[in-house]
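Turn this into a model:
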Amino acid sequence: MVLFLSATVFLAGCLSDEVVHEEQNDEITLTVLPATPFPTWGGVAHTNATLNASQFVNTTYMAYFSAPWCAHCESTLDAYDSVVPEGRMVVFSMEASEDYANMSAWHNQTETGLNRTVDRPFILHPELAKSVDVKSIPHAVLVNDQGYIFHVEIGKETNLTAIQTMWETATNATFDPAKGWNASLTAET
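Residues are numbered from 1 along each chain as shown. Got it, this is the predicted structure:
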């Protein structure tokens with residue numbers, strides 16, 4: 001898994017403005033990873049609310065990794081925010097620099113840039129980003145309701161149909177140690 005994630009880091013993310021799915025008619029292929037538990041995490045959101053992984057037990061959710069300085073990540077966050085249901089996405093900053101540690105400032109900057117309200121928790125958590133090998137952003141991790149990493153999407157993504165397909169597939173994905181994943185890996189849009 002580390003080799004796969006390392007290889008994809010060089011192909012997408014903040015190093016490029018490449019759009020993964022530009023048109024609504026693209027075939028969407030999900031690369032499903034071996035069943036790896038998403039790390040246990042906890043943190044304080046920009047609202048001062050304390051959140052942790054136990055609040056997402058038996059719930060599919062998205063861990064979205066970015067940084068306040070990533071200008072092209074904002075359109076991807078906007079797209080994910082439009083599709084992922086309320087209470088099912090956490091925005092994590094992977095930036096360890098003190099200059100970017102203010103999550104309220106980042107949240108406000110995002111709302112200003114998008115010209116709308118973004119009702120998602122913004123949490124500073126570079127340690128979690130390191131533990132899931134985030135090297136290129138934006139970096140979205142879909143975690144199924146069993147707590148396994150189902151799919152990782154790295155790079156700019158603004159196709160709402162592609163995101164909806166990823167979300168629905170992850171929501172229906174279950175892992176059986178004897179049989180593997182039950183989810184289809186390819187979906188047509």
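
make it CA atoms for all contacts and neighbour counts henceforth
Noted.

tally of neighbours for Pro177?
8 (other CA atoms under 10 Å).

brain fart, Thr174
19.

Likewise for Asp133?
14.

any idea whether it is helix, strand or coil?
For Asp133, the assignment made with DSSP: H, G, I helix; E, B strand; the rest coil gives coil.

and the gap between it and Gly87?
24 Å (CA to CA, to the nearest Å).

Then Thr50?
Distance from Thr50 to Gly87, by CA to CA: 14 Å.

How about Phe150?
18 Å.

So for these two, which sits in the more crowded spot?
Phe150 (30 against 13).

The more buried one and Trp69: what is the separation?
Taken as CA to CA, the span from Phe150 to Trp69 is 28 Å.

again with Gly147
Distance from Gly147 to Trp69, by CA to CA: 29 Å.

Over to Pro37?
From Pro37 to Trp69 the distance is 29 Å (CA to CA).

Repeat that for Asn108.
Distance from Asn108 to Trp69, by CA to CA: 13 Å.

Out of those two, name the residue with the larger neighbour count.
Asn108 (14 against 11).

Which helix or strand contains the more buried one?
helix 103-114 (DSSP states H and E).

and the next element down the chain from that helix?
strand 122-124.

for that next one, packing partners?
Here strand 122-124 touches strand 42-44, strand 89-93, helix 103-114, going by 3 or more CA pairs under 8 Å, 6 or more residues apart in numbering; DSSP states H and E.
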